[in-house]
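Engineer: the sequence isn't on hand, but the structure is:
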């Protein structure tokens, strides 16, 4: 039997309109019958000169885990549409940080916190990605070997929701999810 939250998650996947049966199916497998306590569905479409790229991220919180689902368009055989769907199930105790960046317009004039956008960043585990590039000194004429420079990026996910782009209801949903995720990872549930 589906709970009200699970039904709302499915309704949000249907509303996003990006292969909702596929997304619901991969989330269902990852949930393994564990109940949904909160969720955030974020469809994203980007364009270049010739193509449209669709992507959907769904963050689903359970009593013990954060399930992260990513679905992307992929080239299929014979040019037919295809998608890649990946889930990652992260135990709440493995989450290292929850970073919330609030975008507030006209903060000096605002009464209270009138958030216009929210970025939810979650990192977990010990795996990191290293991006290397040749180091330079800034002199375009210099031919010396300056070694390499790089950035470590922790394993995780980042989702940005804007009231201007996705609407105020989507932003309210993102804020509710951020509050639930912050509470679930605060250590209160591990101490209880």
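Structural biologist: Structure received. Nothing here was measured: the structure is a model prediction, and the numbers come from that model.
Engineer: can we go C-alpha only for contacts and neighbour counts from here?
Structural biologist: Will do.
Engineer: that's a helix at residue 119, yeah?
Structural biologist: No. Secondary structure of residue 119 (DSSP: H, G, I helix; E, B strand; the rest coil): strand, not part of a helix.
Engineer: in space, what's closest to it - neighbours in sequence excluded?
Structural biologist: residue 160 (4.1 Å; C-alpha to C-alpha, 6 or more residues apart in numbering).
Engineer: again with residue 69
Structural biologist: residue 87 is the one closest to residue 69 (C-alpha to C-alpha, 6+ apart), at 4.3 Å.
Engineer: neighbouring strands of the one helix or strand the one you found maps to in the sheet, and parallel or not?
Structural biologist: For residue 87, the host element (DSSP states H and E) is strand 81-91. Strand 81-91 sits in its sheet next to strand 65-75 (antiparallel), going by DSSP bridges.
Engineer: pLDDT of the partner strand, averaged?
Structural biologist: Mean pLDDT, strand 65-75: 92.
Engineer: start the count at 21 instead of 1 going forward.
Structural biologist: Sure, I'll start counting at 21 from here, so that last one is strand 85-95.
Engineer: secondary structure class for the most far-flung residue of the chain relative to its centre?
Structural biologist: For the chain, the residue at maximal distance from the C-alpha centroid (C-alpha atoms, centre = their mean) is residue 161, at 41.9 Å. Recorded secondary structure, residue 161: coil (three-state DSSP).
Engineer: that one and residue 154, how far apart?
Structural biologist: 15 Å (C-alpha to C-alpha, to the nearest Å).
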